[in-house]
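take a look and give me a structure for this.
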Amino acid sequence: MRRAANLDSNQPDIVDALRKAGASVTSTAGVGNGFPDLAVGVRGVTVLMEVKDGSKPPSHRKLTSPEREWHGAWRGSVFVVESVEQALKILSTL
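Residues are numbered from 1 along each chain as shown. Here you go, the predicted structure:
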C-alpha cells in the first residue's frame with residue numbers, strides 16, 4: 001500500500017491558478033513510481049506537470065530517481081514547474 005503523497009507547498013496555489021485559467025486539474029501525486037503530480041487539461045489537450053517548490057534550494061528541486069526514469073520513458077508531454085507563473089506560461093502555449 002502506498003503512503004500519502006508528499007505535496008510541495010506551492011502545489012495548491014498552482015492548482016488554483018490553473019483552474020482559474022480554465023484548465024481542469026487532477027492531482028496524481030499519490031500515484032507514485034515517478035508519475036507526475038498533476039494531470040492538466042485545457043482546450044482538448046492533456047499535459048502532465050511535476051511540481052517542485054521553487055523556494056527550496058536547487059538540490060531539493062531535482063527530480064528523484066523514479067521521476068527521472070519515468071520522465072525519460074514517457075512519450076507524451078510532461079513539464080516540471082516551480083511556480084504559478086511557469087505553470088500558466090505552459091498553459092498559454094497549449
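
the helices in the chain, which residues?
Applying DSSP state H to the chain gives helices spanning 11-20, 65-73, 84-92.

Throw those into TSV and include distance to residue 32, mean pLDDT and mean neighbour count, thanks.
(C-beta placed from N, C-alpha, C; glycine too.) Output for those, formatted as TSV (distance: least, C-beta to C-beta, whole Å; pLDDT from 0 to 100; neighbours: other C-beta atoms under 10 Å):
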stretch	distance to residue 32	mean pLDDT	mean neighbour count
helix 11-20	16	95	17
helix 65-73	8	94	13
helix 84-92	22	95	17
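
tell me which of these lies nearest to residue 38.
Closest to residue 38 of those, according to C-beta to C-beta: helix 11-20, at 6.8 Å.

now the closest one: how far from the chain's centre is it?
11 Å (C-alpha atoms, centre = their mean, to the nearest Å).

and what of stretch 54-73?
11 Å.

same list (the helices of the chain) but as CSV, adding distance to residue 52.
Shown next, in CSV, are the helices of the chain (distance: least, C-beta to C-beta, whole Å):
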stretch, distance to residue 52
helix 11-20, 10
helix 65-73, 10
helix 84-92, 10
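
residue 56 is nearest to which of those helices?
Once the helices of the chain are compared by C-beta to C-beta, helix 11-20 is nearest, at 12.8 Å.

and the closest one, what does it pack against?
Helix 11-20 is packed against strand 24-27, strand 38-42, strand 45-51, helix 84-92, with contacts defined by 3 or more C-beta pairs under 8 Å, 6 or more residues apart in numbering; DSSP states H and E.

CSV for the ones you listed, including distance to residue 75?
Supplementary listing: those in CSV, determined by distance: least, C-beta to C-beta, whole Å:
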stretch, distance to residue 75
strand 24-27, 20
strand 38-42, 16
strand 45-51, 12
helix 84-92, 18
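
how near is the closest residue to residue 15 other than its chain neighbours to residue 73?
Among residues not flanking residue 15 along the chain, residue 25 sits closest, at 5.1 Å (C-beta to C-beta, 6 or more residues apart in numbering). Using C-beta to C-beta, to the nearest Å, one obtains 23 Å as the distance from residue 25 to residue 73.
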